[in-house]
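**Student:** no sequence on hand, only this structure:
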């Protein structure tokens, strides 16, 4: 079921495109994971003990884009404060013009290092870019403002992060009112199988979102297992509707900051169009620049759905055709590189319009 991606219409004429660059990139990460296991003495997918000696741990910045998540942000930040990590890490919250208590919650929480408020709604891509520009850590962990993490997760990422890897975590969607008291006390451990990249049952008889493929019979998919932890998704190969860039979901993902700057960060146009694909595009850019995408099965957080989750999902789906078209347009262009200077200049200009609350 793993296959090479078809080239979208219009690709492959004249110049080497981002899509074509992906066809030359493997995802052979086995040597990286086995080397780490040999040095650390624990499994790649095992929760990292809080007392494990880590001689070369990288500095970390957690960047949280936040829009109207006042209902759950305290839980997210409480969980970060409760991490077993032995080293200091910074937490940057970028409030994307929220109309609720989001900014106020972030401004007073003790775990938060920096709070920035964008005056007008710009989208999660811009919010993450601003947080990345402010970050001082070697590794940036992008975390959604509604993701509650178990206590070992920060160490799981920092212990394994390198300059050449994108480390992917997973999410377990849960209605907020089922989360005990909304205080970061988990009723149960989040389950890996709750993520669609792990257990996937696509619709039958309807075009799939990403590729437009229509399945004529039920398919019980196991993307993570069937691709051997994404190993088999190199060289542009695809698992039905999934490919390697689409596995890079910024609900919970750790990347080397210098690599993000080099490709110019997230494309802010996605936020202006609607929902989705800005993380997939960043993933494609990072893969094209030579980074490997490696999952961490033990890094699963609770994604707390808002009370109006169904309505929000319908609004997101309505904007999907526009963001998908933008994605394929960018894939027809050359892979971005050497953009650190222009990225920094753009973010410096944008920061002048933002309010620093902390």
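**Tutor:** Received, thanks. Here the structure is a predicted model, which is why all the values come from computation and not from measurement.

**Student:** the helices in the stretch 1-150 of the chain, which residues?
**Tutor:** Assigned by DSSP state H, counting those that start in this stretch, the helices in the stretch 1-150 of the chain fall at 18-22, 30-40, 73-81, 102-108, 124-134.

**Student:** what's the closest of those to residue 176?
**Tutor:** helix 73-81 (8.4 Å; C-beta to C-beta). Just so you know, the C-beta spots here come from the backbone N, C-alpha and C atoms, and that holds for glycine as well.

**Student:** so the nearest residue to residue 246 once chain neighbours are set aside: helix, strand or coil?
**Tutor:** In this structure, residue 246 finds its nearest non-sequential neighbour in residue 280, 5.1 Å apart by C-beta to C-beta, 6 or more residues apart in numbering. Put simply, residue 280 is helix when judged by DSSP: H, G, I helix; E, B strand; the rest coil.

**Student:** ok, longest helix in the protein?
**Tutor:** helix 309-331 (DSSP state H).

**Student:** quick one: low-confidence parts of the chain?
**Tutor:** Low-confidence segments of the chain (pLDDT under 70): 1-14, 54-56, 178-188.

**Student:** tell me where it has strands.
**Tutor:** 2-4, 60-66, 90-96, 114-118, 139-143, 147-148, 165-175, 237-239, 242-243, 252-256, 292-305, 355-356 (DSSP state E).

**Student:** residue 31 is nearest to which of the ones you listed?
**Tutor:** From the strands of the chain, taking C-beta to C-beta, the stretch that ends up closest is strand 292-305, at 9.8 Å.

**Student:** direction included, what does the closest one pair up with?
**Tutor:** Based on DSSP bridges, the pairing partners of strand 292-305 within the sheet are strand 147-148 (antiparallel), strand 165-175 (parallel).

**Student:** which of those sits most buried?
**Tutor:** Among those, strand 147-148 has the highest mean neighbour count (mean count of other C-beta atoms under 10 Å), at a mean of 28.

**Student:** what's the closest of the strands paired with strand 292-305 to residue 215?
**Tutor:** Nearest to residue 215, of the strands paired with strand 292-305 and by C-beta to C-beta, is strand 165-175 at 22.8 Å.

**Student:** can you list the helices of the stretch 1-150 of the chain in JSON lines and add mean neighbour count and distance to residue 222?
**Tutor:** Formatted as JSON lines, those follow (neighbours: other C-beta atoms under 10 Å; distance: least, C-beta to C-beta, whole Å):
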{"stretch": "helix 18-22", "mean neighbour count": "21", "distance to residue 222": "23"}
{"stretch": "helix 30-40", "mean neighbour count": "13", "distance to residue 222": "19"}
{"stretch": "helix 73-81", "mean neighbour count": "22", "distance to residue 222": "28"}
{"stretch": "helix 102-108", "mean neighbour count": "21", "distance to residue 222": "36"}
{"stretch": "helix 124-134", "mean neighbour count": "24", "distance to residue 222": "29"}
